[in-house]
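# Model the following, please.
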Amino acid sequence: MLTFFTNPYPDELLYSAVARYHYYIGNLDLKDTLEEVFGSRNVIPSAGISTHLEGFINRIGNSYTIGEILQKHTIYPYYAPFLSREKQQLIVCDVAGQGQGLYTRLGVVAGGICKKVGLFYCPACVQDDVAVYGETYIHRQHQLEGISYCAKHSFALRKYPLSWSTGSRIALIRFNHTVMDLSINPTDNSEPDIKAELELARMADQLMKVPIDVLDRDKIRTKFLLLLRERNLVTASMSIRQKKLHHMFISKMPLTLLKKLESEIDMNYEYNWLRILTRKCERHVHPLRHLLMLSFLSQDVEGLLNIRSLEGIFGQEPWPCLNKAAAHYSDDVITQIQISRDYKTGDPIGTFSCSCGFVYSRKGPDHNEQNRYRIGRVKKFGSVWMDKLQQLRATSMSIRAIARTLGVDSKTVLKYVSQEKVFFNKDKEIINTEPDRSSPTESNKKNIINSQKTYRVNWNLRDEEYFERITELYNYLLHHHPSIRISKSILARKLGKSTMLNLKLDNLPRTKQLLAEITESVQQFQIRRCKRIIDQIILQQEPVLLWKVQRIGGIKTHHFHQIKPLLERYTHIRQGWCTDEL
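Numbering: from 1, shown residues only. Presented below is the predicted three-dimensional model:
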């Protein structure tokens, strides 16, 4: 293990830090340095994305993780958001080892444009570095393909006078400010192409700060679809109006800029980059062209992050039930949706049907999270809502109070109260077992009533039946559908007993206790999901990296921080590092 290493400066390439280490340690043979740092003499240093990171981490005492190095000291964040989840995971494995096929996965070979030969710097950044650190270093943002200006100072980037062509294939170049041109030449920000390139540089800088596991190709595409839809460039069937998009794009983006950035568009070519970027296609589109699309949409990376990534016109399945009478109100339990079109406007209309019988519709498309909780029209209230209305009607509540509780107006309550069927309760079934000593007339009336009420419910028997069925269903879901959160609503829906479990639990004591024991909060479900992922990683004899567990589990960072200590203990116990019980 190394006792000394030149830790990277902010935004410094790992390559640059290794070159500085080689300079300070005084090795004559570069391969000696590579062996000391990476544990191998066969490493070929790469200025963009370093490889053999597992060996590097072991040599410097586990001060970093692979994710931290990729995030802070390589150009990988420039490419990561535009890769599939699968490729993102494979690249983490690539850089841990020899990195064979790394740049092919990035799409640099197939989709490479604006190639940079050599290393680049900003004169103002160099002066700042020397003032703060006493030396300068290679900044990541200055090496990005297609970026010609410094995002911080708005100065044009300059090429360092030395390059690999002047030395060995494994040469390590350390920046020396004494050989650099540090004269300051003002940038003409009023020139349209320069102004556009400065905007691209700022967006590229934003992109480098986005966590590498937050975005992927599918999320980027759906976010673009939302922005295009706002400009009437997407049909109700989610097709892109390509001709209109092309016309609007070239009308706004300077042709001289597109030519300089090797991003001209041939509308007659079926696979031009603008078509590929807006389609669900496996072909790679260079990050710079995604930034050009953002510029066209008058958006930047920070704004893009705030757009909810929707997988369809009405968002991702499941959808919330908006029945205020149901115990699962606002929970994402609806999996059935029918999409039609408004005959006047052509806008999509989604009809959502819940197992509780509540059916509502709204006009789309959804533009934000709040749209998911909007009702355009209720088509059916369902049995749960009707039973709740009957319960409230039996109290001293006013019509207005009942309407507020059920989320409707007073006229709707009066409409259904006036229907006699509302007052018929299917579960209130009794039988008269006392001798009939009434008069013949009264006896006939009772016989008529009793002909409609056949038996008394055996709640003990029903409790046992539900207890056994729920236990069986619970075990089945755990083993066959572990990705489903165990909630009362999902159990009720699977059993087809939503009304009973919502309204009659006081008559089912064993069932009520069982539900209290097995139903999960969102956090409990997240913990179970993460434990399962940890078990699988250990079973595959791979190192347990909690950032990887978070990414696979799809858990937001602020939620993951709350459960991280528990998961660390669980990992240590599973690996035999401690014997505490959870």
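# tell me the secondary structure for E317?
Here E317 is recorded as coil under DSSP: H, G, I helix; E, B strand; the rest coil.
# and the nearest residue to it once chain neighbours are set aside, what does it touch?
Once flanking residues are discounted, E317 sits nearest to T335: 5.9 Å by C-beta to C-beta, 6 or more residues apart in numbering. C-beta coordinates here come from the backbone N, C-alpha and C atoms, glycine included. Residues in contact with T335 (C-beta atoms under 8 Å, 6 or more residues apart in numbering) are 317-319.
# Neighbour-wise, give me the winner out of the residues you listed.
W319 (23 neighbours; other C-beta atoms under 10 Å).
# What does the pLDDT read for S237?
In this model, S237 is scored at 68, pLDDT.
# Ok, the one 4 residues further on next?
pLDDT, R241: 91.
# excluding its backbone neighbours, what's nearest it?
For R241, the closest residue by C-beta to C-beta, 6+ apart turns out to be L233, at 5.1 Å.
# Torsion angles phi and psi at the one you found?
According to degrees, to the nearest 10, the main-chain angles of L233 amount to phi -110, psi 10.
# where exactly do the strands run in the stretch 51-200 of the chain?
120-121, 158-159 (DSSP state E, counting those that start in this stretch).
# Indicate which one of the ones you listed is closest to R493.
R493 lies closest to strand 120-121 among those, at 58.8 Å (C-beta to C-beta).
# Report all helices and strands that that closest one contacts.
Packing contacts for strand 120-121, counted by 3 or more C-beta pairs under 8 Å, 6 or more residues apart in numbering; DSSP states H and E, involve strand 158-159.
# so L53 makes contact with V95?
Yes - counting by C-beta atoms under 8 Å, L53 touches V95, with 5.0 Å between them.
# any common contacting residues for those two?
Contacts common to L53 and V95, judged by C-beta under 8 Å, 6+ apart, are 66, 69-70.
# out of these, which is most surrounded?
Ranking these using other C-beta under 10 Å puts L70 first, with 24 neighbours.
# Give the closest residue to that residue in space, chain neighbours not counted.
Leaving aside its sequence neighbours, L70 sits nearest to Y76 (C-beta to C-beta, 6+ apart; 4.6 Å).
# quick one on the thing from earlier: the more surrounded of L53 and V95?
A count of neighbours by other C-beta under 10 Å puts L53 above the other of L53 and V95, at 26 against 22.
# wait, what's in contact with the more buried one?
Counted by C-beta under 8 Å, 6+ apart, L53 has contacts 66, 69-70, 95-96.
# what's the closest of these to R279?
Among the contacts of L53, and counting by C-beta to C-beta, the member closest to R279 is L70, at 28.2 Å.
# so the closest one sits right up against I49, yeah?
Yes - contact criterion C-beta under 8 Å: L70 and I49 qualify, at 7.4 Å.
# Between the two, which contacts overlap?
Both L70 and I49 are in contact with 76, 95, where contact means C-beta under 8 Å, 6+ apart.
# Distance-wise, check F560 relative to E282.
As defined by C-beta to C-beta, to the nearest Å, F560 lies at a distance of 30 Å from E282.
# correction: N268
Distance from N268 to E282, by C-beta to C-beta: 22 Å.
# Check Q127 too.
Q127 is 45 Å from E282, by C-beta to C-beta.
# again with K259
27 Å.
# Going by secondary structure, the closest residue to Q562 other than its chain neighbours is in what exactly?
Leaving out its chain neighbours, the residue that sits closest to Q562 by C-beta to C-beta, 6+ apart is Q523, at 6.8 Å. Using DSSP states H and E, Q523 falls within helix 522-539.
# Quick one: closest of the strands of the stretch 51-200 of the chain to V301.
The nearest among the strands of the stretch 51-200 of the chain, by C-beta to C-beta, is strand 120-121 at 21.3 Å.
# Relative to the closest one, what are the paired strands and their orientations?
Here strand 120-121 is paired, per DSSP bridges, with strand 158-159 (antiparallel).
# And the contacts of the strand it pairs with?
In contact with strand 158-159 (C-beta under 8 Å, 6+ apart) are residues 118-123, 180-181.
# coming back round to it: if you count what's nearby, which of Q127 and E282 comes out ahead?
For the pair Q127 and E282, the greater number of neighbours falls to Q127 (16 against 8), based on other C-beta under 10 Å.
# that older thread, of the shared contacts of L53 and V95, which is the nearest to I194?
Closest approach to I194 among the shared contacts of L53 and V95 (C-beta to C-beta): L70, at 31.5 Å.
# show me the contacts for that closest one.
Shown in contact with L70 (C-beta under 8 Å, 6+ apart): 49, 53, 76-77, 80, 92, 95, 212.
# closest to F38 among the residues you listed?
Distances from F38 to the contacts of L70, taken by C-beta to C-beta, are shortest for L53, at 8.4 Å.
# Need the pLDDT of the closest one.
Per-residue confidence (pLDDT) for L53: 93.
# and the residue nearest to Q562, how many residues sit next to it?
13.
# wait, it sits on I563?
Yes - the pair Q523 / I563 is scored as a contact, 6.4 Å apart, by C-beta under 8 Å.
# Skipping its backbone neighbours, what lies nearest H139 in space?
D11 (5.2 Å).
# Over to Q71?
Nearest one to Q71, counting by C-beta to C-beta, 6+ apart, is I212 at 5.4 Å.
# what's around that neighbour, how many residues?
23.
# for the one 5 residues further on, same thing?
By the other C-beta under 10 Å criterion, the neighbourhood of R217 contains 22 residues.
# Look up how far V210 lies from it.
Computed as C-beta to C-beta, the R217 to V210 distance reads 14 Å.
# Mutual contacts of the two, please.
Residues touching both R217 and V210 (C-beta under 8 Å, 6+ apart) are P81.
# just for the stretch 1-150 of the chain, where's the confidence low?
Filtered on pLDDT under 70, the stretch 1-150 of the chain yields the residue ranges 109-111.
# now the helices for it?
With DSSP state H, counting those that start in this stretch, the ranges of helices along the stretch 1-150 of the chain come out as 14-25, 30-38, 53-59, 66-73, 85-96, 102-106, 108-111, 123-133.
# Distance to I313 for these - can I get that in TSV?
TSV is the format used below for the helices of the stretch 1-150 of the chain (distance: least, C-beta to C-beta, whole Å):
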stretch	distance to I313
helix 14-25	44
helix 30-38	50
helix 53-59	42
helix 66-73	34
helix 85-96	23
helix 102-106	32
helix 108-111	30
helix 123-133	46
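# Now find how far off-centre the longest helix anywhere in the chain is within its chain.
Scanning the chain for the helix with the most residues, using DSSP state H, yields helix 459-480. Remark: helix 459-480 is offset 34 Å from the chain centroid, using C-alpha atoms, centre = their mean, to the nearest Å.
# relative to helix 522-539, how tilted is that helix?
Calculated by axes from the mean of the first three to the mean of the last three C-alpha atoms, to 10 degrees, helix 459-480 forms an angle of 40 degrees with helix 522-539.
# Packing partners of helix 459-480?
If you count contacts as 3+ C-beta pairs under 8 Å, 6+ apart, helix 459-480 packs onto helix 488-495, helix 509-518.
# Least reliable of the ones you listed by average pLDDT, please.
helix 488-495 (a mean of 79).
# what comes up buried for that helix?
By neighbour count with 16 or more other C-beta atoms under 10 Å, helix 488-495 contains the buried residues 488-494.
# Throw those residues into a markdown table and include distance to K31, thanks.
A markdown table is the format used below for the buried residues of helix 488-495 (distance: C-beta to C-beta, whole Å):
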| residue | distance to K31 |
| --- | --- |
| K488 | 64 |
| S489 | 63 |
| I490 | 60 |
| L491 | 63 |
| A492 | 67 |
| R493 | 64 |
| K494 | 63 |
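# Which single one of those residues is nearest to A204?
I490 (44.0 Å).
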